[in-house]
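[1] need a structure here:
(2 chains)
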Amino acid sequence: MPSITSDKKMVNAELSEASEAKSSIVPGINPSFQEQVSYGSPNLITRKTLKTTAPLGFRGLQTFSLPDLPYDYGDLEPAISSEIMQLHHQKHHQAYITNYNKALEQLDSAIAKGDASTVVKLQGAIKFNGGGHVNHSIFWKNLAPVREGGGEPPKASLGSAIDSHFGSLEALVQKMNAEGAALQGSGWVWLAVDKEFKRLVVETTANQDPLVTKGPSLVPLLGIDVWEHAYYLQYKNVRPDYLKNIWKVINWKYASEVYDKALD
Amino acid sequence: MAASAAAAIGSPLKCGLISSQGFSGSTRSFQWRKNEKRNVRKGCRGVITAKIDLRPPPYSLDALEPHMSRETFEYHWGKHHRAYVDNLNKQIVGTELDTKTLEDIILLTYNKGDLLPPFNNAAQVWNHDFFWESMKPGGGGKPSGELLELINRDFGSFEGFVNEFKAAAATQFGSGWAWLVYKANRLDVGNAVNPRPSDEDKKLVVVKSPNAVNPLVWDYSPLLTIDVWEHAYYLDFQNRRPDYISTFMEKLVSWDAVNFRLEAAKARAAEREEEEERKKTEYEDNQADLDAREMYLESSDADDSEAD
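    The predicted structure follows:
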């Protein structure tokens, strides 16, 4: 179902994207917080709530900012080009954050006013931009330069779980590549652990839907972005080649840590 | 593809594949160019096989430079569009979809929103044909005549339309399309979920759609589209979708094509209205006949009883 009502503020944020808008701060009320990403915690993004002495009902609004990459833009070459890493991080991820902050601001004000229909109207923008921020924050940690272990196969508990569930690492890679290639439009392919059933799953999500939309007990271990912006400048229409090559810089160490913590 | 069906019949020794010309018969054709029966060809022994073809844009691949590069066309048309065509043909060969028109395949596989596998390829073939024809070298500018009147009537002003169209294109989250359509649909169309149900009919509206979906499935008449899948603009504009949209509006839009499609859409709507009037009159006539016969029967019963 298409929605034809466009949020003008959201549009303006999109339209002024080129001017590299920084994260917005609610003026005079709260400083911005660095968004925290905890390794392996079930709530992958923890937010500190701001205590204020403001009037009753006012919650204070945390804003988000772009997390730094733990490596340089060129460090993942030749699997992923430096040009793509820079655009992906500085333009795409930043835009999700900018628009997420704006949507939260509007949501906050709509809640305060008791404007239920605006609250509902904003859900699309929140899911899309918030999801984009959540997903990309995970993605940067899923990648590592070869010299820092990128591409090294998983060992220990995650390694054996993969073997027992999928048969082998190659089988898992094939499955994820097949699902990633078959995904229509934009989205993500995930390796996750289901905390409830204590087993590994491969899942896909559409657009910027975070993995939790597919199951509340799913913890993402690895996500591969299959939006065209993630590979087009380098691989053009050949998404399967991108999928084949990205495994050379996948950070299995991080995935193992998350896995172990999730099943603790 | 200039050979006509007559030529094919006239020379039975010719064993080549020739597509037959002529209107597809379906009034749902919004193609800018004359609509050939694109997918019905007589093979060697007169066996009809369906084969959707990859149509080139109505201009050379570098004709829209510098606004849309040749390189973009080489990939967008040469790889993406071509893959949709090839994959669709593989999916439908030997199935009941094999001999249907592209529009019919789209509507059948849309399946009221529960998409069947060929839908993505079929709709994307149609969407890209429609997209190439929505642009022309030296395009852009403003429409005129009745089209401009309708735009002013339904959007307040041309600028009002441009803003709404740009906003739709910019806020289509993920992959998809933005459209200007002529809305004159019937509420009882089985396959349609009306995205603008409160709007009156016979007006221009802007809608957006995700991935491969297009307004044919809502029984609207598309007039103009812009592709906002990232592959459409990434080589030329990278992340700057709003710049791409502006360039499209200012330099590429073919208002000629939009005009042509509007005329076809209005004609189709008029045809439908006539058809409905005709059916209604027929029904009423039938009812009147039935009533007349009943009256006759009743009066003859009365006579008999009186005679007795």
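[2] what about residue B:194, neighbour count?
    When neighbours are counted by other Cβ atoms under 10 Å in any protein chain shown, residue B:194 registers 16. For every residue, glycine as well, the C-beta is placed using N, CA and C.
[3] a helix runs through it, doesn't it?
    No: secondary structure of residue B:194, determined by DSSP: H, G, I helix; E, B strand; the rest coil: coil, with no helix assignment.
[4] So for it, what's the pLDDT?
    Residue B:194 carries a pLDDT value of 73.
[5] what's the closest non-adjacent residue to it?
    Using Cβ to Cβ, 6 or more residues apart in numbering or on different chains and skipping residues adjacent in sequence, the residue nearest residue B:194 is residue B:218, 6.0 Å away.
[6] Now for the one you found, how many residues are close by?
    Residues contacting residue B:218 under the criterion other Cβ under 10 Å number 23.
[7] Would you mind measuring from it to residue B:202?
    Plainly put, residue B:218 is 15 Å away from residue B:202 if you go by Cβ to Cβ, to the nearest Å.
[8] Is residue 200 in a helix, a strand, or coil?
    Picking chain A for this. Reducing the assignment at residue A:200 to three states with three-state DSSP gives strand.
[9] so which strand or helix has the residue nearest to it when sequence neighbours are not counted?
    On the basis of Cβ to Cβ, 6+ apart, the spatially nearest residue to residue A:200 that is not a chain neighbour turns out to be residue A:165, at 4.8 Å. The secondary structure element spanning residue A:165 is helix A:156-166 (assigned by DSSP states H and E).
[10] May I have that helix exported as PDB, CA atoms only?
    Below are the C-alpha coordinates for helix A:156-166, written out as PDB (Å, rounded to 0.1, in the frame of the first residue of the first chain):
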ATOM      1  CA  ALA A 156      35.100 -22.700  19.300                       C
ATOM      2  CA  SER A 157      31.400 -22.600  20.200                       C
ATOM      3  CA  LEU A 158      30.100 -20.700  17.200                       C
ATOM      4  CA  GLY A 159      32.300 -22.700  14.800                       C
ATOM      5  CA  SER A 160      30.900 -26.000  16.000                       C
ATOM      6  CA  ALA A 161      27.300 -24.700  16.200                       C
ATOM      7  CA  ILE A 162      27.600 -23.800  12.500                       C
ATOM      8  CA  ASP A 163      29.000 -27.200  11.600                       C
ATOM      9  CA  SER A 164      26.300 -29.000  13.500                       C
ATOM     10  CA  HIS A 165      23.400 -26.900  12.300                       C
ATOM     11  CA  PHE A 166      24.400 -26.200   8.700                       C
END
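[11] packing partners for it?
    helix A:169-182, strand A:199-206, helix A:252-262 (3 or more Cβ pairs under 8 Å, 6 or more residues apart in numbering or on different chains; DSSP states H and E).
[12] And the helices in chain B?
    Taking DSSP state H, the helices of chain B run over residues B:5-10, B:70-75, B:82-92, B:102-110, B:118-133, B:145-155, B:158-170, B:234-237, B:241-247, B:255-307.
[13] hmm, back to that, between the helices and strands packed on helix A:156-166, which one is closest to residue A:92.
    Taking Cβ to Cβ as the criterion, strand A:199-206 is the member of those that comes nearest to residue A:92, at 16.6 Å.
[14] The closest one pairs with which strands, parallel or anti?
    Take DSSP bridges as the rule and strand A:199-206 pairs in its sheet with strand A:187-194 (antiparallel).
[15] what residues does the partner strand touch?
    With Cβ atoms under 8 Å, 6 or more residues apart in numbering or on different chains as the test, strand A:187-194 has contacts from A:135, A:172, A:176, A:179-180, A:183, A:199-207, A:209, A:211, A:215, A:217-227, A:255, A:258-259, A:262-263, B:174.
[16] Show the buried residues in those.
    Applying a neighbour-count criterion of 16 or more other Cβ atoms under 10 Å in any protein chain shown, the buried members of those are A:135, A:172, A:176, A:179-180, A:183, A:200-207, A:209, A:211, A:218-227, A:255, A:258-259, A:262, B:174.
[17] between the helices of chain B, which one is nearest to residue A:130?
    Judged by Cβ to Cβ, the one of the helices of chain B that comes nearest to residue A:130 is helix B:158-170, at 18.4 Å.
[18] what angle do the closest one and helix B:145-155 make?
    Comparing the axes of helix B:158-170 and helix B:145-155 via axes from the mean of the first three to the mean of the last three Cα atoms, to 10 degrees yields an angle of 70 degrees.
[19] For helix B:158-170, name the packing helices and strands.
    With contacts defined as 3+ Cβ pairs under 8 Å, 6+ apart, helix B:158-170 has these neighbours: helix A:8-15, helix B:145-155, strand B:176-183, strand B:203-210, strand B:221-227, helix B:241-247.
[20] Okay, angle between the fifth one and helix B:145-155 too, please.
    Comparing the axes of strand B:221-227 and helix B:145-155 via the same axes, to 10 degrees yields an angle of 80 degrees.
[21] just to revisit the earlier point, please report how far the residue nearest to residue A:200 lies from chain B.
    Applying Cβ to the nearest Cβ, to the nearest Å, the value for residue A:165 to chain B is 28 Å.
[22] Residue A:131: which element?
    Under the criterion of DSSP H and E, residue A:131 resides in helix A:123-142.
[23] which secondary structure elements does that helix contact?
    Packed on helix A:123-142, when contacts are counted by 3+ Cβ pairs under 8 Å, 6+ apart, are strand A:36-37, helix A:94-113, strand A:218-225, helix A:252-262.
[24] The helix or strand following the longest one close to chain B?
    In the C-terminal direction, the helix or strand that comes right after helix A:94-113 (DSSP H and E) is helix A:116-121. No: contact between helix A:116-121 and chain B, assessed by Cβ under 8 Å from any Cβ of the partner chain, is absent, since the two come no nearer than 12.1 Å.
[25] buried residues in helix A:116-121?
    Within helix A:116-121, the residues scored as buried using 16+ other Cβ under 10 Å are A:119, A:121.
[26] what's around residue B:248, how many residues?
    By other Cβ under 10 Å, 27 other residues sit near residue B:248.
[27] residue contacts, it?
    B:67, B:135, B:226.
[28] which one of those has the most neighbours?
    Counting neighbours by other Cβ under 10 Å, residue B:226 comes out on top of those with 26 neighbours.
[29] hey, what's that residue bridged with?
    Here residue B:226, judged by DSSP bridges, has bridge partners residue B:178.
[30] measure it to residue B:60 for me?
    Counting by Cβ to Cβ, the gap between residue B:226 and residue B:60 amounts to 21 Å.
[31] and stretch A:207-215, how far from the chain's centre?
    Relative to its parent chain, stretch A:207-215 has a centroid offset of 10 Å by Cα atoms, centre = their mean, to the nearest Å.
[32] pLDDT on it, on average?
    pLDDT averaged over stretch A:207-215 equals 97, rounded to a whole number.
[33] Write out the residues of chain B neighbouring chain A.
    That would be B:75, B:79-80, B:83, B:120, B:164, B:166-168, B:170-176, B:193, B:195-196, B:205-213, B:229-231, B:234-235, B:238-243, which are the residues of chain B within reach of chain A (Cβ under 8 Å from any Cβ).
[34] Identify the residues contacting the closest residue to residue A:152 other than its chain neighbours.
    If the residues on either side of it in the chain are set aside, residue A:152 comes closest to residue A:252, at 6.0 Å by Cβ to Cβ, 6+ apart. Contacts for residue A:252 (Cβ under 8 Å, 6+ apart) come out as A:149, A:152, A:153, A:154, A:158.
[35] residues touching the fourth one, list them.
    With contacts taken as Cβ under 8 Å, 6+ apart, residue A:154 has the following neighbours: A:162, A:169, A:252, A:255, A:256.
[36] Looks like the first one contacts residue A:170 (just checking).
    So that's residue A:162. No: no contact is recorded between residue A:162 and residue A:170 when judged using Cβ atoms under 8 Å, the distance being 10.0 Å.
[37] Please determine how far residue A:210 is located from residue A:190.
    For residue A:210, the distance to residue A:190 equals 10 Å [Cβ to Cβ].
[38] of these two, who's got more company?
    For the pair residue A:210 and residue A:190, the greater number of neighbours falls to residue A:190 (26 against 22), based on other Cβ under 10 Å.
[39] Sweet, I'm off.
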